[in-house]
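J.: Build me a model:
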Amino acid sequence: MLENVIYSANIAVVKSIIVLPQNRDFLGAKLVHVPLLHALKKAHPEAKLTVLTSYEKNRLFTEFGVADSAEIYRSSWQLFKAFRRLNPDLIVNLRPESGFVDGALFFYRRAKRISFEL
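T.: As a prediction, the model looks like this:
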């Protein structure tokens, strides 16, 4: 089912993907993201997958081999600037009801987004 959601993004060529993981700073919260990141890499092997996070420990995703890079942000302005710099084709938001993320996504409308339905 996860592959169906990822493949159904209706994007011809995906060159850049941003994933915004849950805002939890413990290992279990990171481990539950690994299958999603792996499925994204499998669905779009040529795309650069970047995890944008507020926690240094989330750099583990690059060590697990499921993300190409992990970048830290401290404000919605930094997040928005990262969106502009990385120019993603797809943004996967795993943080519902986040003021930082909602603010940045409101102003950045170029990418296809996959997120929770509120």
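J.: Does the most centrally placed residue in the chain lie in a helix or a strand, and which?
T.: When CA atoms, centre = their mean is applied to the chain, the residue found nearest the centroid is residue 19 (0.5 Å). If you go by DSSP states H and E, residue 19 is part of strand 16-20.
J.: Show me what whichever strand or helix holds residue 51 packs onto, helices and strands only.
T.: Applying DSSP H and E as the criterion places residue 51 in strand 48-53. The elements that strand 48-53 packs onto, with contact taken as 3 or more CB pairs under 8 Å, 6 or more residues apart in numbering; DSSP states H and E, are strand 16-20, helix 34-43, strand 69-72, helix 76-86. C-beta coordinates here come from the backbone N, C-alpha and C atoms, glycine included.
J.: Those: lowest mean pLDDT?
T.: The stretch with the lowest mean pLDDT among the helices and strands packed on strand 48-53 is helix 76-86, at a mean of 87.
J.: The next helix or strand after it - what's its average pLDDT?
T.: Moving toward the C-terminus from helix 76-86, the next helix or strand (DSSP H and E) is strand 90-93. Taken as a whole, strand 90-93 has a mean pLDDT of 86.
J.: That concludes my questions; thank you for your assistance.
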